[in-house]
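Colleague: okay, sequence plus prediction incoming.
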Amino acid sequence: MINIRYFLTHLTLRHGRRRSRKKGELLGERFLIQRERKRRVEVFLYRPDTAVSEKRPVLFNIHGGAWVAGDATGEDSLCRHLCDALGAFVVNINYTKADDRPFPYMQYEVFDTVRWFWDHAEEYGLDRKRFSVIGYSAGANLAAGTAFLIKDAGISLNSLILGYPFLDFREVEELVAGKVNKRTIDVMRDIFFNRGTDLSDIIYSPLAAEKEELVGYPPTLIIGCEKDSFGLYPHAVAYRDKLDKAGVRAELISYSEAVHGFLEYYWPEFRGTFSEEQKQYRDDAFERIISWLREEWKQTGNMSEYT
């Protein structure tokens, strides 16, 4: 059962995102995605240092933070690492937080960013057969849900990586009676959702997807923490099983002692206490993520540098 009370303590961190920006120069290049009659989306671009004759894969990175906290600049070093290790173009999306614009505003920011680079792939030397998305926690929720919008728009994602994902808002309804203060749930709804929003919509709750809705869903790698402090590990297992039953290639890598957020926390931008054990889990997980992505990209037949 998800510990919603613990999860919602992250609401108090929403002002903390303003302090997560580095004072010095960022490793990524700030860029604004233009959108018709909408605010531009801030992203940070990471380009491979080595030149190749082939078109590059692109990986879209979506940070966590309970939809109200965190900032893409907090994953600056993480994205540079992925760019260098993969030889890929990385787009780090600084989506608008839910207390500023409720759902589905941020989902469409992610969607519009992917679509913008799809439309401008030739300009940036990107291979449309190797578009991938990675997200963590709330960012994994955005990644998994937006994947439905992306495929329905005719954009083919090569692969999807979900780190300790939150995948089902329907459980919020189930927890109201006697287990979580109803006022807390009402506050959450007021912040996250417009009035009358259906929490079972697959954009918000991918675990609610029916088998036919998963047709064309990208191969998915899920990273799970068995002792997740937010109780999200069952989401990881359930989504792996749901994808597998729908015929979608899915793999779950589990860490029995890793903490929620371990993929994101142990980088230079992280201000907390460093744990060598958690850093080892992080290093192992990213080695496996990078290897898995390389294999998925290699399947396109366009990756001579990986063969």
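Modeller: The structure has been received and is ready for your questions. Numbering: from 1, shown residues only.
Colleague: quick check: which ranges of this structure have low pLDDT?
Modeller: Regions of the chain meeting the criterion pLDDT under 70 cover residues 1-24, 51-53, 172-187, 302-307.
Colleague: spatially central residue in it, please.
Modeller: G135 (1.6 Å; CA atoms, centre = their mean).
Colleague: so how far is the longest strand along the chain from its chain's centroid?
Modeller: Longest strand of the chain, by residue count under DSSP state E: strand 126-136. Mean-position distance between strand 126-136 and its chain equals 11 Å (CA atoms, centre = their mean, to the nearest Å).
Colleague: just checking, what packs against it?
Modeller: Contacts defined by 3 or more CB pairs under 8 Å, 6 or more residues apart in numbering; DSSP states H and E place strand 126-136 against strand 56-62, helix 105-119, helix 138-152, strand 159-163, helix 276-298. Where C-beta positions appear, they are placed from N, C-alpha and C, glycine not excepted.
Colleague: sheet partners, orientation included, of that strand?
Modeller: Looking at strand 126-136 with DSSP bridges, its partner strands are strand 56-62 (parallel), strand 159-163 (parallel).
Colleague: mind saving the C-alpha coords of it as CSV?
Modeller: Written as CSV, here are the backbone C-alpha positions of strand 126-136 (Å, rounded to 0.1, in the frame of the first residue of the first chain):
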residue,chain,number,x,y,z
LEU,A,126,18.7,13.1,-34.6
ASP,A,127,17.6,9.6,-35.6
ARG,A,128,13.8,9.3,-35.3
LYS,A,129,14.2,5.5,-34.8
ARG,A,130,16.1,6.1,-31.6
PHE,A,131,14.0,8.5,-29.5
SER,A,132,13.9,7.4,-25.9
VAL,A,133,12.6,8.8,-22.6
ILE,A,134,13.8,8.3,-19.0
GLY,A,135,12.0,9.5,-15.9
TYR,A,136,12.3,9.1,-12.1
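Colleague: what residues of that strand count as buried?
Modeller: L126, D127, R128, K129, R130, F131, S132, V133, I134, G135, Y136 (16 or more other CB atoms under 10 Å).
Colleague: got the buried residues for stretch 256-270?
Modeller: Applying a neighbour-count criterion of 16+ other CB under 10 Å, the buried positions in stretch 256-270 are A258, V259, H260, G261, F262, L263, E264, Y265, Y266, W267, E269, F270.
Colleague: ok, now which ones touch the fifth one?
Modeller: By that I understand F262. Residues near F262 by CB atoms under 8 Å, 6 or more residues apart in numbering: C225, Y255, Q278, Y281, R282, A285.
Colleague: can you give me the strands for the chain?
Modeller: Listed in chain order, the strands found in the chain under DSSP E are 29-33, 41-46, 56-62, 89-94, 126-136, 159-163, 220-225, 250-255.
Colleague: can you put the ones you listed in CSV and add distance to E109?
Modeller: Output for the strands of the chain, formatted as CSV (distance: least, CB to CB, whole Å):
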stretch, distance to E109
strand 29-33, 8
strand 41-46, 5
strand 56-62, 10
strand 89-94, 7
strand 126-136, 13
strand 159-163, 17
strand 220-225, 21
strand 250-255, 26
